[in-house]
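In: coords please:
(chains A and B)
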Amino acid sequence: GAGVSQSPSNKVTEKGKDVELRCDPISGHTALYWYRQRLGQGLEFLIYFQGNSAPDKSGLPSDRFSAERTGESVSTLTIQRTQQEDSAVYLCASSRGLGFEQFFGPGTRLTVL
Amino acid sequence: DAKTTQPPSMDCAEGRAANLPCNHSTISGNEYVYWYRQIHSQGPQYIIHGLKNNETNEMASLIITEDRKSSTLILPHATLRDTAVYYCIVHNYGQNFVFGPGTRLSVLP
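Out: Numbers count the residues shown, from 1 in each chain, chains lettered A, B, ... in the order given. Below you'll find the predicted structure:
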């Protein structure tokens, strides 16, 4: 079946602009996660959604970052007033429940000039 | 913070077994050991997980010590395509995953 998809695959933006990244999880997966991975570094947890529960936003680095999820489907990660340090690959994953194995998308490579 | 300790890098000859260690001395009784890997420019990929018994699947074997304070991921016949960063994670259902820096495995021809 279809895996996790993310769009766009690449995004180049100017400092100060807002960007929106999209994630389509595997159908039926109730948990959805966002991670950030800077060049040559490990995964940095940002936020997760589990069903209708309030999302865990503890990993969001600043109030410029926000995320939404519509029911148990698509999620969007929004970065406002982008900064050069926001340049990274943003990975989305989904799982059939919190704590079950996660299936990752290919990521969105964000470059802030 | 990650609850695991892994060597930063390892080399393995192609065709030989790759044995990747992981220490998790503070693991609690209901926490599982998970392994993921990340091949360059791709998202992480689930490999295997276990609680206390050894596990095997088509990708790898997981050996967990009796006291559960450490484990070893075994790739029985490493290929060049197994070159990746391997992450060992301990967690319980209902908790989020915390990825540490992992082990960078280089399979050499």
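In: Skipping adjacent residues, who's closest to the residue most central in space within chain A in space?
Out: The centre of chain A sits closest to A:Trp34, judged by CA atoms, centre = their mean, with a distance of 3.4 Å. Leaving aside its sequence neighbours, A:Trp34 sits nearest to A:Leu46 (CB to CB, 6 or more residues apart in numbering or on different chains; 4.3 Å). Glycine gets a C-beta too; all of them are placed from N, C-alpha and C.
In: Torsion angles phi and psi at the one you found?
Out: Main-chain torsions, A:Leu46, degrees, to the nearest 10: phi -110, psi -60.
In: Which pLDDT value does the model give it?
Out: Among the per-residue scores, A:Leu46 shows a pLDDT of 91.
In: Next up, the contacts around it.
Out: Going by CB atoms under 8 Å, 6 or more residues apart in numbering or on different chains, A:Leu46 touches A:Tyr33, A:Trp34, A:Tyr35, A:Arg36, A:Gly59, A:Leu60, A:Pro61, A:Phe65, A:Ala67, A:Leu77, A:Tyr90.
In: Find me the pLDDT at A:Gly42, would you?
Out: 83.
In: ok, which residues in chain B are in contact with chain A?
Out: Proximity of chain B to chain A, by CB under 8 Å from any CB of the partner chain, involves residues B:34, B:36, B:42-46, B:49, B:85, B:87, B:91-102.
In: pLDDT below threshold where in chain A?
Out: For chain A, the stretches with pLDDT under 70 are A:1.
In: Please list the residues of it that sit near chain B.
Out: A:4, A:33, A:35, A:41-43, A:45, A:48, A:56, A:91, A:93, A:97-107.
In: List the beta-bridge partners for A:Tyr35.
Out: Beta bridges link A:Tyr35 to A:Phe45, A:Leu91, judged by DSSP bridges.
In: Pick out the residue in chain A sitting closest to chain B.
Out: As assessed by CB to the nearest CB, chain B sits closest to A:Phe104 within chain A, at 3.1 Å.
In: so how far is B:Ala78 from that residue?
Out: From A:Phe104 across to B:Ala78, the span is 22 Å (CB to CB, to the nearest Å).
In: Next, the residue of chain A closest to chain B: phi, psi?
Out: Backbone dihedrals for A:Phe104, given as degrees, to the nearest 10, come out at phi -100, psi 150.
In: shouldn't it be in contact with A:Val4?
Out: Yes. Here A:Phe104 reaches A:Val4: they are 6.3 Å apart, a contact under CB atoms under 8 Å.
In: Between those two, which contacts overlap?
Out: Taking CB under 8 Å, 6+ apart as the criterion, A:Phe104 and A:Val4 both touch A:Cys92, A:Ala93, B:Gly43.
In: Could you pull up phi and psi at the second one?
Out: By that I understand A:Ala93. A:Ala93 adopts backbone torsions of phi -140, psi 160, taken as degrees, to the nearest 10.
In: all helices in chain B, in order from the N-terminus.
Out: Under the criterion DSSP state H, chain B contains no helices.
In: State the distance from the closest residue to chain A within chain B to B:Arg68.
Out: With CB to the nearest CB as the measure, B:Gly43 is the residue of chain B nearest to chain A, at 3.1 Å. According to CB to CB, B:Gly43 and B:Arg68 sit 28 Å apart.
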